[in-house]
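Visitor: Following is a predicted model, sequence given first.
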Amino acid sequence: MIREESAEDNYLSPTKAQPVSQTLDQSRTSTQRAGFRVDLQGLRALAVLLVMCYHIWFSRVSGGVDIFLMLSAFFLTSSTARRIARGQRPPLLDGWLHRFSRLIPQAAVVIIGVVIAAWIILPSTRWLELIDQSNAALFYWQNWYLSDHQVDYYAFNTAAASPLQHFWSLSVQGQIFIIWPLVLAGSALVWKKFFSRRSFALVAGSAFGAIFVGSLAYSIHITATNQQVAYFHTGARLWEFALGSLLALALPWLSTLPEKIRRIGGWAGLVTVIGSGAVLDVQGQFPGFMALVPTVAAALVIAAPAPRSWANPSGLLSLPPLVKLGDLSYGMYLWHWPMLVFYLEVSGNEKASFLAGAILIAASIGASWCTTKFIEKPAIAWQASPSFSRLIPQAGFKLIVQFAVVALGIGVASLPVLAWENNVEHRRALAAAQTDTDNPGANATEDWDPSPAALTLPLATELDGEWQTPGIACEGPNAPEDKRIHFCEQGGDFDGGAPDLVLLGDSHMQHWSAAASAMIEEAGGSWILVYEPGCRYGSDADRVDETCSDFQDAAQDYVADLAPQMVLTTASKTVAAPDAMLRSPGEQETLVDNYAEMIQPLLDAGSRVIAMRDTPRYTYSIPECVDSNKGELDNCDGSAGYALNSVNPVEQFLDSKDYGNQVVSLDMTGLLCPDGVCKAVIGNVLTYLDDSHLSKTFVLSAKRQFATSFKEATNWE
């Protein structure tokens, strides 16, 4: 009986067969049992195999997850609605414990395995993110975590796959497993109070129909306006669950349709399920109306005739290998993604070959078999064990055991996460205890002898604090009135006059702001930083982005009106990799394409312009490289001759113009690339916080060198 219950309502859970509602429109006294359909186990297996194949070999999504979500609501609604139709109470607490006690054991094992593997294999730049994701996955909040963090310009490693990223769908499903019984219980209450003479399916169907329409409309809207958030948003996925519930309620009526029509629809649905991932832009257009394609296709398969015959889709889907894989499909889904992520990390490959992918699939099946046999089945057997009936009733004992399984799974999985967090805190404490002699950065002398035990700063787990935003938000007369300027900081002593220095540009101007602001404030002056991430001031090429175009126009007017004594801009632009013509990054370094025209209004306002050379860029993350090459830091260094043009484009530009001292050049390459080698670590300090932005710790250590170079270039005192 326990296995039958888990078959009814577990998402991808290992079961022998799937029950289908046949009596939802019958009276409360009906006790007719639903039949089991082995072919729906085959449909589960097919869906998970599609997910795995598309993930591993094509770096795409297949629509299989949408089918899983729909199926989970189908089974939950089938079992609960039959119970209500027979006059029994809808399960709430016992229903929640029943489902989560079957989902959590395998999920906890996977989370433990991922935490241990990530701690050993992945660079520490990703630890904090994975610690947060481990907790989010364990408590069914992963989809909201991804929604909140994937759209942040300053978020780290958004391009690097997380081994726990696939838990987003399980989180959505877990949230629905809490909400759906409440909807069914509410429908049951309305049915008993007002519509007891009518079919319960009609009342519940009205509720789920409203959810379907509202959620689908919202999903279409948010997918069109913010697809990245929509993909993980529970509200944009509710309609997929509602579709499964509507199918469960309507299946008795659908079963009365001619078999030939249902058979044709079933085969058409099966072909669509298999091919939709290849044809549709699942990753870019889901879960809007396009997600109707795989979910409706799966609904057609479910509505097809159930007898196992080669004339029906059930004949194919009931093949023993598929049914057996259906038993393991939950674990297969859990294991395949972290295995893929760790394989790519260790191998250094961008994609898995056919052979490697086949091995990963086989390994996922093997791991699923192990966790199903040795983790989930014993947990289920424990829940089914006899109670001490004289002391605790069977129902009460079962609830206690189910609660214990949930609590034990969460508790055991939390232990390695807590240990990981404690390790991070210990490293923070060690770093805080270090002295300036351990991490002199740019102030390291030739005879400086680093301590072997000293940690390199900033810690790779602390990089989110390395973005430079000195001072306070611009206020008073310095506050931009134009709303197209989003980022503005100020500092120093404003005496009512124009600021001494305005730093104008993008994040590559921002990453010098700690040193520049310190220089100005130490001299008793004032400064303003106005910038837009990813928008190089003066670049027509960047104007393809409307936000950047608006910023450049607004910032030009804003700075010209301020008429500061000096304006510091980044005048050249570097790249990280060779282009299609195989030109090196250095050969591609050039002056910002519309620089002369964009600085002219600033010059007309009486400001001096300091044209700064851009910093070198890398094709890899400096902190991750350093973390992976302890003791061999030279592996992370770069060549100035490769990364930068042999002739500074800013100097060439000034040689061709007659600006006099009104426009001068500032080049900090010598600081970053002493003797032509662009160093990843200087004085036991990371020079970069990623692949192209300087760390605040290093820039602050170099504020004296920056001030010296600045004053030599400008003759400013």
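Guide: Happy to help now that I have it.
Visitor: any low-confidence regions in the protein?
Guide: Applying pLDDT under 70 to the chain flags the ranges 1-35, 151-160, 282-284, 386-393.
Visitor: helices and strands around the longest helix seen in it, which ones?
Guide: Assignment by DSSP state H gives helix 394-432 as the longest helix of the chain. For helix 394-432, the packing partners by 3 or more C-beta pairs under 8 Å, 6 or more residues apart in numbering; DSSP states H and E come out as helix 93-121, helix 127-138, helix 377-384. All C-beta spots, glycine's among them, are computed from the backbone N, C-alpha and C.
Visitor: What ranges does the stretch 451-600 of the chain have for its strands?
Guide: Along the stretch 451-600 of the chain, the stretches classed as strands by DSSP state E, counting those that start in this stretch are 472-473, 487-492, 501-505, 526-531, 566-570, 572-573, 590-591.
Visitor: again with the stretch 201-350 of the chain
Guide: Under DSSP E, counting those that start in this stretch, the stretch 201-350 of the chain gives no strands.
Visitor: Now render the strands of the stretch 451-600 of the chain as JSON lines, adding distance to residue 705 and mean neighbour count.
Guide: Formatted as JSON lines, the strands of the stretch 451-600 of the chain follow (distance: least, C-beta to C-beta, whole Å; neighbours: other C-beta atoms under 10 Å):
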{"stretch": "strand 472-473", "distance to residue 705": "26", "mean neighbour count": "10"}
{"stretch": "strand 487-492", "distance to residue 705": "20", "mean neighbour count": "20"}
{"stretch": "strand 501-505", "distance to residue 705": "17", "mean neighbour count": "27"}
{"stretch": "strand 526-531", "distance to residue 705": "18", "mean neighbour count": "26"}
{"stretch": "strand 566-570", "distance to residue 705": "16", "mean neighbour count": "26"}
{"stretch": "strand 572-573", "distance to residue 705": "20", "mean neighbour count": "24"}
{"stretch": "strand 590-591", "distance to residue 705": "25", "mean neighbour count": "19"}
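Visitor: Please produce CSV containing the ones you listed, extended by distance to residue 268.
Guide: Listed next are the strands of the stretch 451-600 of the chain as CSV, based on distance: least, C-beta to C-beta, whole Å:
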stretch, distance to residue 268
strand 472-473, 59
strand 487-492, 53
strand 501-505, 56
strand 526-531, 55
strand 566-570, 57
strand 572-573, 53
strand 590-591, 55
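Visitor: what's the spacing between the residue nearest to residue 122 when sequence neighbours are not counted and residue 123?
Guide: Excluding the flanking residues, the one nearest residue 122 by C-beta to C-beta, 6 or more residues apart in numbering is residue 345, at 6.4 Å. Computed as C-beta to C-beta, to the nearest Å, the residue 345 to residue 123 distance reads 9 Å.
Visitor: repeat for residue 710
Guide: 34 Å.
Visitor: So residue 599 sits against residue 659, correct?
Guide: No: applying C-beta atoms under 8 Å as the test, residue 599 and residue 659 come out as separate, 9.1 Å apart.
Visitor: who's more crowded, those two?
Guide: Applying other C-beta atoms under 10 Å to residue 599 and residue 659 shows that residue 599 carries more neighbours, namely 25 against 15.
Visitor: what residues are up against the more buried one?
Guide: 538, 567, 569, 609, 611, 663 (C-beta atoms under 8 Å, 6 or more residues apart in numbering).
Visitor: what pairs with the third one across the strands?
Guide: According to DSSP bridges, the partner residues bridging residue 569 are residue 504, residue 611.
Visitor: So it sits against residue 506, correct?
Guide: No: taking C-beta under 8 Å as the definition, residue 569 is not a contact partner of residue 506, at 9.8 Å.
Visitor: Next, show the common contact partners of the two.
Guide: residue 537.
Visitor: so what's residue 51 up against?
Guide: Counting by C-beta under 8 Å, 6+ apart, residue 51 makes contact with 61-62, 64-65, 333, 336.
Visitor: Can you name the residues that contact residue 97?
Guide: By C-beta under 8 Å, 6+ apart, the neighbours of residue 97 are 399, 402-403, 406.
Visitor: Take these and write them to CSV, including distance to residue 231 and neighbour count.
Guide: Shown next, in CSV, are these (distance: C-beta to C-beta, whole Å; neighbours: other C-beta atoms under 10 Å):
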residue, distance to residue 231, neighbour count
399, 36, 18
402, 32, 22
403, 33, 15
406, 28, 21
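Visitor: out of the residues you listed, who's nearest residue 556?
Guide: residue 406 (59.6 Å; C-beta to C-beta).
Visitor: which helices and strands sit right next to the host helix or strand of residue 77?
Guide: Element membership for residue 77 (DSSP states H and E) is helix 64-85. In terms of contacts (3+ C-beta pairs under 8 Å, 6+ apart), helix 64-85 is packed against helix 2-9, strand 18-19, helix 39-58, helix 167-194, helix 200-225, helix 234-254, helix 292-303.
Visitor: Of all these, which one is nearest residue 89?
Guide: Going by C-beta to C-beta, the one of those nearest residue 89 is helix 167-194, 7.9 Å.
Visitor: which one of the contacts of residue 97 sits closest to residue 617?
Guide: residue 406 (48.4 Å).
Visitor: Quick one: residues contacting the closest one.
Guide: 97, 100-101, 104.
Visitor: want to throw the residues you listed into TSV with distance to residue 655?
Guide: Below are those laid out as TSV (distance: C-beta to C-beta, whole Å):
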residue	distance to residue 655
97	77
100	71
101	75
104	69
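Visitor: between those, which is nearest residue 213?
Guide: Nearest to residue 213 among these, with distances taken as C-beta to C-beta, is residue 100, at 29.2 Å.
Visitor: Could you measure from the closest one over to residue 142?
Guide: Distance, residue 100 to residue 142, by C-beta to C-beta: 15 Å.
Visitor: When these two are compared, which one has more neighbours?
Guide: Set residue 100 next to residue 142 and count neighbours by other C-beta under 10 Å: residue 142 wins out with 27 against 21.
Visitor: From what I see, the more buried one and residue 173 are in contact.
Guide: No: the pair residue 142 / residue 173 is not scored as a contact, 10.8 Å apart, by C-beta under 8 Å.
Visitor: what's the burial count for the residue lying closest to residue 456 once chain neighbours are set aside?
Guide: Ranked by C-beta to C-beta, 6+ apart and with sequence neighbours excluded, the top spatial neighbour of residue 456 is residue 684, at 5.4 Å. As a burial measure, residue 684 scores 20 neighbours (other C-beta under 10 Å).
Visitor: shouldn't residue 684 be in contact with residue 439?
Guide: Yes: in this structure residue 684 lies within contact range of residue 439 using C-beta under 8 Å: 4.7 Å.
Visitor: which neighbours do the two share?
Guide: 454, 456-457.
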